[in-house]
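1. A structural model of the following input is requested.
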Amino acid sequence: LLLTALGAGLTPALFGAHVAPASVLGAAGRTSTQGRSDRRTGRWLVIGQVALTTVLVSTAALLVQSYRAMGSVDVGFRTTDLLKVAVFVDSQDVPEDQALPAFYHSLKEALSEVPGVEAVGIASPTVPPAFSGEGRVRFDGMPETSREHGVLAYVHLVDPDMMPVLDIPVLAGRGVESEDETAGRPVVVISESLAQLMGGAQAAVGRSVDLDGTSFDVVGVAGDVLYLGAATRRPRDVDVYIPIAQDPSRVVSMASRTRLDPETLIAPVRARLAQLTPRSPLDWIATMPDDLMRGFEGPRFYAALVLAFAGSALLLTATGVFAILARKVAGERTEMGIRRAFGASRAHLVGGVVRSGVTLCSSGLAVGVVGAMVVALFLGRTLFGVSSFDLRGAGTAAVVILVTAVVASVVPAIRAMHASPSEAMRDSTS
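-> All right, here's what the predicted structure looks like:
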């Protein structure tokens, strides 16, 4: 900033130091012509500022609409009053893997004793929307072109309470049950989008699917969800839910549905788990809304950045319009005073100044709207729930620019209103 200020000040000073006095005196007769040229240049600069500001304001409006649309999407599961926490089970707390299912029950009982916790579900490795395992699903009757690579699905190891805690509905068959621990054959609950590929929810129940080489019996179909939120721009996830008792893990997470603000329960939950598992680290502690908002950090940042640029451009535009009109009023002070002497009303003079400001901005606005539409076409793929041809962004920009022009015209208009007829007549005869 210091170097920029020095450069901006030194450059005109160096040019001015080499100006010959004779050239200045000889140019005195051309002052009026140069003044008109300077005013034209100033007007063109303001028109350019208005055009750029229109593009920025319109783009900011589209990004804000897109961001709001992402936040309003129904993700298919409960997102409020949920607290998440993960436990990395140490072998000193649970020496044998066979004891893990019983340990899961102890975890749930311990958290259920915390005041404010209504229900607890367990998943591995973590509660969505954080990362989960992936697998390739194949089934009889699928097209050969798809069978080679299979259908990519997100794999969740869950206990019987996890889906009810997240309010994920079971559309056909049943969900994960405690009896699945002793099931002779692996079972799975699949999401609706996968069931549709198998002929529908009812048709999928009872069939078998192959998940990375292991055969599972489909016992139920769950509703589709969008665990990673609308920021992923996918229509819905393809998910499979496997009973955690069939494949116990030492990395488990719990989702606690609360009747209090989940933020207030973080400390009590930490303390209770530290008593039960003193040697097992805790991690991934967050509320569900906070976890979901992480997926919106990118869109939110870009929207805020463009808004900041748009605000700066609006300030520059208002300054430019004010400067042009103030100079215009100062140069026409005598003319305005004479018009007042011949009966022109103050409202008429004020209206003329405001009209000059609005006309000046309207020219730039017309150019800016065209530019904003071009930019919107390039932004089409990055927008969510908003069409590139949505005119609300351009309309918002037009309203903001015109209001800015009127506000920037107020002070020069007040000066015009106080133009004195007697001073104007005296100036005209001097």
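
2. please count neighbours and contacts with C-alpha atoms only from this point.
-> OK.

3. thought residue 198 was touching residue 204?
-> Yes - Residue 198 lies in contact with residue 204 (C-alpha atoms under 8 Å); the separation is 5.7 Å.

4. compare these two and say which is more crowded by neighbours.
-> Per other C-alpha atoms under 10 Å, whichever of residue 198 and residue 204 has more neighbours is residue 204, with 24 against 19.

5. is the more buried one in contact with residue 218, as I believe?
-> Yes - at 6.8 Å, residue 204 and residue 218 qualify as touching, with contact defined as C-alpha under 8 Å.

6. give me the common contacts of those two.
-> Both residue 204 and residue 218 lack any common contacting residue under the criterion C-alpha atoms under 8 Å, 6 or more residues apart in numbering.

7. model confidence over the helix or strand containing residue 107, on average?
-> Counting by DSSP states H and E, the element that carries residue 107 is helix 100-112. The average pLDDT within helix 100-112 is 90.

8. from residue 61, how far off is the spatially closest residue to residue 366 that is not a sequence neighbour?
-> Distances taken as C-alpha to C-alpha, 6 or more residues apart in numbering put residue 51 closest to residue 366, at 7.5 Å, once the chain neighbours are dropped. Counting by C-alpha to C-alpha, to the nearest Å, the gap between residue 51 and residue 61 amounts to 15 Å.

9. neighbour count: these two, which is higher?
-> Applying other C-alpha under 10 Å to residue 51 and residue 61 shows that residue 51 carries more neighbours, namely 26 against 22.

10. and the pLDDT for the more buried one?
-> Taking residue 51 on its own, its pLDDT is 82.

11. so what's it up against?
-> Neighbour list for residue 51: 364, 365, 366, 367, 368, 369, 371 [criterion: C-alpha under 8 Å, 6+ apart].

12. repeat for residue 268
-> Taking C-alpha under 8 Å, 6+ apart, we find residue 268 in contact with residue 114.

13. what's the distance between it and residue 405?
-> 56 Å.

14. likewise residue 397?
-> Here residue 397 is placed at a distance of 12 Å from residue 405 (C-alpha to C-alpha).

15. please apply the same query to residue 62.
-> Counting by C-alpha to C-alpha, the gap from residue 62 to residue 405 is 22 Å.

16. do the same with residue 312
-> Distance, residue 312 to residue 405, using C-alpha to C-alpha: 15 Å.

17. so which of these two has more stuff around it?
-> Per other C-alpha under 10 Å, whichever of residue 312 and residue 405 has more neighbours is residue 405, with 28 against 14.

18. ok, now how distant is that one from residue 190?
-> Distance, residue 405 to residue 190, using C-alpha to C-alpha: 59 Å.

19. check residue 269 too.
-> 31 Å.

20. more neighbours, these two?
-> Neighbour count, other C-alpha under 10 Å: between residue 269 and residue 190, residue 190 has more, with 28 against 22.

21. burial count for the closest residue in space to residue 53 that isn't next to it in sequence?
-> Nearest non-adjacent residue to residue 53, counting by C-alpha to C-alpha, 6+ apart: residue 313, 5.3 Å away. Using other C-alpha under 10 Å, the number of residues around residue 313 comes to 20.

22. and residue 313, what is it in contact with?
-> Applying C-alpha under 8 Å, 6+ apart to residue 313 gives the contacts 49, 52, 53, 56.

23. neighbours of the first one, how many?
-> Under the neighbour criterion other C-alpha under 10 Å, residue 49 is assigned a count of 22.

24. so how far is residue 310 from it?
-> Counting by C-alpha to C-alpha - residue 49 and residue 310 are separated by 11 Å.

25. how about the second one?
-> Taking C-alpha to C-alpha as the measure, residue 52 falls 9 Å from residue 310.

26. which other residues reach the host helix or strand of residue 210?
-> In the assignment (DSSP H and E), residue 210 maps to strand 208-211. Under the criterion C-alpha under 8 Å, 6+ apart, residues 135, 136, 137, 138, 139, 140, 215, 216, 217, 218 lie in contact with strand 208-211.

27. strands of the stretch 251-400 of the chain, start to end?
-> Ranges of strands in the stretch 251-400 of the chain, per DSSP state E, counting those that start in this stretch, are 251-258, 282-287.

28. longest helix of the protein?
-> Taking DSSP state H as the criterion, the chain has its longest helix at helix 31-71.

29. what's the neighbour count on residue 161?
-> Close neighbours of residue 161, defined as other C-alpha under 10 Å, add up to 20.

30. and it, what is it in contact with?
-> 119, 120, 121, 122.

31. let's see that with 7 Å instead.
-> Residues near residue 161 by C-alpha atoms under 7 Å, 6 or more residues apart in numbering: 120, 121.

32. how close does it get to residue 177?
-> Residue 161 sits 8 Å away from residue 177, going by C-alpha to C-alpha.

33. could you do residue 211 as well?
-> Relative to residue 177, residue 211 is positioned 20 Å away (criterion: C-alpha to C-alpha).

34. who's more crowded, these two?
-> residue 211 (21 against 12).

35. so where's the stretch 101-250 of the chain uncertain?
-> Applying pLDDT under 70 to the stretch 101-250 of the chain flags the ranges 128-132, 182-183, 227-236.

36. from start to finish, how long is stretch 139-151 in a straight line?
-> In stretch 139-151, first residue to last residue: 9 Å (C-alpha to C-alpha).

37. just the helices from the stretch 51-200 of the chain, written as ranges.
-> Per DSSP state H, counting those that start in this stretch, the stretch 51-200 of the chain carries helices over the ranges 100-112, 144-147, 162-165, 192-197.

38. those: which one's closest to residue 154?
-> Minimum separation from residue 154 across these (C-alpha to C-alpha) falls at helix 192-197, 11.1 Å.

39. residues in contact with the helix or strand just after the closest one: which ones?
-> Using DSSP H and E, the helix or strand that follows helix 192-197 in sequence is helix 201-204. The contact list for helix 201-204 (C-alpha under 7 Å, 6+ apart) reads 172, 192, 195, 198, 218, 221.

40. the same query, at a cut-off of 8 Å, please.
-> With contact meaning C-alpha under 8 Å, 6+ apart, helix 201-204 is reached by 171, 172, 173, 192, 195, 198, 218, 221.

41. closest one of those to residue 85?
-> Checking the contacts of helix 201-204 against residue 85 by C-alpha to C-alpha gives residue 221 as the nearest, at 26.7 Å.

42. who does that closest one bridge with?
-> As for beta bridges, residue 221 partners with residue 172, residue 190 under DSSP bridges.

43. repeat for residue 82
-> Residues in beta-bridge contact with residue 82 (DSSP bridges): residue 257.

44. I figured it hits residue 258, correct?
-> Yes - using C-alpha under 8 Å, residue 82 makes contact with residue 258 at a distance of 6.1 Å.

45. many thanks, I have nothing further to ask.
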